[in-house]
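A.B. asks: Starting from these lines, generate the structure:
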Amino acid sequence: MKVLVADKFERSGLDALAGMGCEVSYQPDAAGQALADAVRSTRAEVLVVRSTKVQEAVLDGGSLSLIVRAGAGVNTIDVAGASARGIYVSNCPGKNSVAVAELALGLNLALDRRIPDNVAELRAGTWNKKEYSKARGLYGRTLGLLGFGNIGREVASRARAFGMPVVVWSRRFAADPAEAARAADALDITVAATPVDVVRAADVLSVHLALAKDTRGFVDAALLSHLKPGACFVNTARAEVVDQPALVAAIKDKGLRAGLDVFAGEPTAASGPFADGIVQLPGVYGTHHIGASTDQSQAAIAAETVRIVRSYKDTGRVPNVVNLAHKTPATHMLVVRHRDRPGVLAHIFGELRAAGLNVQETENVVFEGAEAAVARINLDGPAEAHTMDAVRDNSHILDAQLVTLSS
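C.D. replies: Numbers count the residues shown, from 1 in each chain. Prediction:
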């Protein structure tokens, strides 16, 4: 199997891919047209990326059947385009959760104790103990979390160790009050009914929302208006979930302190000029979108990427796949018990084709001894009686029944 790795990737992962028989091409700087050219020239079946964008030209470039995002989320990949071409898209959820949570807590501490300003003044030759002795402390201050996936859970557990009460809002909890109650009891958190309830309670508001259509611009001026004056705001998720002009206004008007690892105008390259004015505001500390970038997290992500590719290579199954339909348009299932002989499935599919029926999904399970099997074939419509008779008209067909699927 040919694998193109088009981003920085752990040597342990590259060695493991090669060790299981993959032909690995490592081109960490390939992007845009160069990436499309690399996909075409290597005839890669699997593409591994981190932050590199995978656009339509890349999808049309060669023999791709699987794209693995070596990280959480798939917002840099044209998932709809991949789905239209029958290309699996997978990712590595949860493997960088601890790293991002550590940075979120680090920013929280830095905001409270103004650590970067301390360092800057010392390096400038100034001793200013009187000024930097002023800090509220974290113990007893409420941490509000918007989003409570893998990263949010890791942040909550660390915040509890600091003695911070934790209040959270999650779309999942909003849809399932029973799960919310179980989580509140097991994790010693308070589950809020609405995002506004979290923001009003928070001394520190930390954002951990995945980027989706309904979360783009989620943290807007209306939501920020409920923050306490002088509160702290941390975003280590996605820049797009926050209305940055509204955040700038809140920093200026409410005296917020903000710790940001993501920005609206980030450079696409790993290094280069950066001119976002938000980092010039007093009380704003920024990092370089490094939340997931620890040795530990990158090793874990590499190992998960290898696991995904190995499963695909050995079984054809893709762990963590994100673009399979949760429900197909199938309305009926044809269940056929048959002798496990050559040509039986071809006979069935031939009759379905003649009837103008489209197969949405199919499964063929072989019984012990490999003498018989059962095929379950989901169809986009009912098979008429004459089609069922034609399917049964084969000496190797033991039984055939049509089942109507529930909506």
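A.B. asks: which one is Asp243 nearest to, not counting chain neighbours?
C.D. replies: Leaving out its chain neighbours, the residue that sits closest to Asp243 by C-beta to C-beta, 6 or more residues apart in numbering is Asp220, at 4.5 Å. Where C-beta positions appear, they are placed from N, C-alpha and C, glycine not excepted.
A.B. asks: So what does the one you found look like in phi/psi?
C.D. replies: phi -110, psi -170 (degrees, to the nearest 10).
A.B. asks: for this protein, which helix is longest?
C.D. replies: helix 295-315 (DSSP state H).
A.B. asks: Which strands or helices does that helix pack on?
C.D. replies: Applying 3 or more C-beta pairs under 8 Å, 6 or more residues apart in numbering; DSSP states H and E, we find helix 295-315 packed against helix 11-19, strand 46-49, strand 66-69, helix 97-113.
A.B. asks: Please point out which parts of the longest one sit buried.
C.D. replies: Residues of helix 97-113 classed as buried under the neighbour-count rule (16 or more other C-beta atoms under 10 Å) are 97-108, 110-113.
A.B. asks: State the mean pLDDT of stretch 116-135.
C.D. replies: Per-residue pLDDT over stretch 116-135 has a mean of 96.
A.B. asks: Which residues does that stretch contact?
C.D. replies: Ala110, Asp112, Arg113, Arg114, Tyr285 (C-beta atoms under 8 Å, 6 or more residues apart in numbering).
A.B. asks: And Gln131, how far from Val279?
C.D. replies: No Gln there; residue 131 is Glu. The gap separating Glu131 from Val279 is 21 Å, by C-beta to C-beta, to the nearest Å.
A.B. asks: Which one's more surrounded, those two?
C.D. replies: Val279 (14 against 11; other C-beta atoms under 10 Å).
A.B. asks: Please identify which of the helices and strands packed on helix 295-315 is closest to Leu247.
C.D. replies: helix 97-113 (14.1 Å; C-beta to C-beta).
A.B. asks: any idea of the angle the closest one forms with helix 295-315?
C.D. replies: Here helix 97-113 runs at 160 degrees with respect to helix 295-315, directions being taken by axes from the mean of the first three to the mean of the last three C-alpha atoms, to 10 degrees.
A.B. asks: now helix 97-113, how far from the centre of its chain.
C.D. replies: 21 Å (C-alpha atoms, centre = their mean, to the nearest Å).
A.B. asks: Pull the number of nearby residues for Gly350.
C.D. replies: 13.
A.B. asks: Equivalent analysis for the one 4 residues further on, please.
C.D. replies: By other C-beta under 10 Å, 10 other residues sit near Ala354.
A.B. asks: And it, how far from Leu205?
C.D. replies: 62 Å.
A.B. asks: and if you look at Leu334?
C.D. replies: In terms of C-beta to C-beta, Leu334 sits 54 Å off from Leu205.
A.B. asks: If you count surrounding residues, which of the two has more?
C.D. replies: Neighbour count, other C-beta under 10 Å: between Leu334 and Leu205, Leu205 has more, with 28 against 24.
A.B. asks: Please verify my assumption that the more buried one contacts Val198.
C.D. replies: Yes. Counting by C-beta atoms under 8 Å, Leu205 touches Val198, with 7.3 Å between them.
A.B. asks: now the helices for the stretch 151-300 of the chain?
C.D. replies: Taking DSSP state H, counting those that start in this stretch as the test, the helices found in the stretch 151-300 of the chain are 171-175, 177-187, 195-201, 221-224, 244-254, 295-315.
A.B. asks: Is it possible to get JSON lines of those that adds mean pLDDT and mean neighbour count?
C.D. replies: Shown next, in JSON lines, are these (pLDDT from 0 to 100; neighbours: other C-beta atoms under 10 Å):
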{"stretch": "helix 171-175", "mean pLDDT": "90", "mean neighbour count": "15"}
{"stretch": "helix 177-187", "mean pLDDT": "91", "mean neighbour count": "13"}
{"stretch": "helix 195-201", "mean pLDDT": "98", "mean neighbour count": "19"}
{"stretch": "helix 221-224", "mean pLDDT": "98", "mean neighbour count": "17"}
{"stretch": "helix 244-254", "mean pLDDT": "97", "mean neighbour count": "17"}
{"stretch": "helix 295-315", "mean pLDDT": "95", "mean neighbour count": "19"}
